[in-house]
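[1] Sequence and predicted structure are below.
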Amino acid sequence: MVDLTPIEQMIVKSMQELGATKDTSIKTADDIAKKCNRPKGMITNALVTLAQKGVIKRVAREKAAGYYVLQGM
């Protein structure tokens, strides 16, 4: 398992609770920030790091990018 900071752990847990666990049920940074009750900038930075670590996947879309947790987490 990848070492995650407390905020990263909170984001992954929140994404799982929101059901963002496959590419058909992605959530935006806004959705995740609301669930975590943290500033969007903090969430966005952590999402970038999580994607680099291979914990989540970022999906580019027309308006806002979406994210979901990769299986095995």
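    Right, received. Where do you want to start?

[2] can you pull out the helices in the chain?
    6-18, 29-36, 40-53 (DSSP state H).

[3] I would like the residues contacting the last one, please.
    Which is helix 40-53. With contacts defined as Cβ atoms under 8 Å, 6 or more residues apart in numbering, helix 40-53 is touched by 2, 4-5, 7-8, 11-12, 29-30, 32-33, 36, 56-58, 67. For every residue, glycine as well, the C-beta is placed using N, CA and C.

[4] Backbone dihedrals for the residue lying farthest from the centre of the chain, please?
    Distance from the C-alpha centroid of the chain, by Cα atoms, centre = their mean, peaks at residue 62 (18.1 Å). Taking degrees, to the nearest 10, you get phi -60, psi -50 for the backbone angles of residue 62.

[5] how far away is it from residue 13?
    28 Å (Cβ to Cβ, to the nearest Å).

[6] related to what we said a few turns ago, so of the contacts of helix 40-53, which two are at opposite extremes in space?
    2 and 30 (24.8 Å; Cβ to Cβ).
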